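Enquirer: have a look at this fold, sequence not included:
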Ligand SMILES: Nc1nc2c(ncn2[C@@H]2O[C@H](COP(=O)(O)OP(=O)(O)OP(=O)(O)O)[C@@H](O)[C@H]2O)c(=O)[nH]1
Ligand SMILES: [Mg+2]
């Protein structure tokens with residue numbers, strides 16, 4: 001990857017779905033069953049190696065409660081990846097995924113919204129009172145640009161590392177595609193200029 005290996009990853013989703021818990025599990029490998037709602041945003045860095053390449057993930061954990069909207073949205077800009085999070089035992093948080101995606105794209109002002117690397121996390125898979133079936137979540141992901149889906153548990157450390165690693169892989173693959181695309185564009189432009197000169 002030719003760009004800097006510092007990657008900004010933004011965690012979004014309804015209040016209480018477990019964004020802070022996922023970040024803390026991933027970065028410190030700890031879980032707090034009494035965590036407080038986030039106010040505004042917080043971030044933590046973590047160095048990881050994916051397929052032999054080193055990255056620093058700068059993970060931005062945002063406040064999901066509606067009243068903190070104006071505090072979180074200024075931090076979406078410059079994000080390399082967005083983890084759309086819901087809780088498998090909270091159907092409303094799943095229904096709100098579309099709203100989160102829209103909010104992110106609006107405030108992050110990304111260059112290519114159709115190809116932005118979102119990853120979807122269905123958290124709290126350890127809970128038995130599930131309200132969202134895997135197939136339902138998969139269908140939403142398919143309809144929203146074939147997004148990858150991971151069912152996670154911050155509590156039991158299920159799929160947390162896998163999901164963050166997958167986010168990095170998705171990003172790297174996408175950048176490689178974009179870089180390949182850019183070199184084609186440059187070639188085409190060069191040819192166009194040549195022909196217009198002639
Ligand atoms: N059983 C279970 N509980 C979880 C899991 N992840 C988080 N929780 C609990 O869910 C509650 C909310 O978790 P948070 O991580 O604070 O949620 P949040 O998404 O950061 O919420 P906001 O900061 O308000 O946006 C806490 O009591 C956590 O302990 C999980 O995977 N399984
Ligand atoms: Mg939080």
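Expert: Arrived safely, thanks for sending. Predicted model, so just to flag it, every value in this text is computed and none were measured. Residues are numbered from 1 along each chain as shown. Ligands and ions are numbered 1, 2, ... in the order given.

Enquirer: what residues does the chain have near ligand 1?
Expert: Contact residues (CB under 6 Å from any ligand atom) of the chain with ligand 1: 15-21, 32-33, 35, 37-38, 63-65, 123-124, 126-127, 153-155. Bear in mind the C-beta positions are built from the backbone N, C-alpha and C, glycine included.

Enquirer: hey, where'd the helices end up in this protein?
Expert: 19-28, 69-72, 91-95, 97-108, 134-143, 160-197 (DSSP state H).

Enquirer: would you turn these into CSV with distance to residue 47, mean neighbour count and mean pLDDT?
Expert: Conversion of those to CSV gives the following (distance: least, CB to CB, whole Å; neighbours: other CB atoms under 10 Å; pLDDT from 0 to 100):
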stretch, distance to residue 47, mean neighbour count, mean pLDDT
helix 19-28, 10, 22, 98
helix 69-72, 25, 14, 96
helix 91-95, 30, 17, 98
helix 97-108, 24, 16, 97
helix 134-143, 29, 14, 98
helix 160-197, 12, 14, 66
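
Enquirer: tell me which of the ones you listed lies nearest to residue 45.
Expert: helix 19-28 (7.8 Å; CB to CB).

Enquirer: dump the helices of the chain to a markdown table, plus distance to residue 55.
Expert: Listed next are these as a markdown table, based on distance: least, CB to CB, whole Å:
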| stretch | distance to residue 55 |
| --- | --- |
| helix 19-28 | 13 |
| helix 69-72 | 24 |
| helix 91-95 | 28 |
| helix 97-108 | 20 |
| helix 134-143 | 24 |
| helix 160-197 | 6 |
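
Enquirer: using JSON lines, lay out those helices together with distance to ligand 2.
Expert: Listed next are the helices of the chain as JSON lines, based on distance: least, CB to the ion, whole Å:
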{"stretch": "helix 19-28", "distance to ligand 2": "3"}
{"stretch": "helix 69-72", "distance to ligand 2": "10"}
{"stretch": "helix 91-95", "distance to ligand 2": "13"}
{"stretch": "helix 97-108", "distance to ligand 2": "14"}
{"stretch": "helix 134-143", "distance to ligand 2": "21"}
{"stretch": "helix 160-197", "distance to ligand 2": "15"}
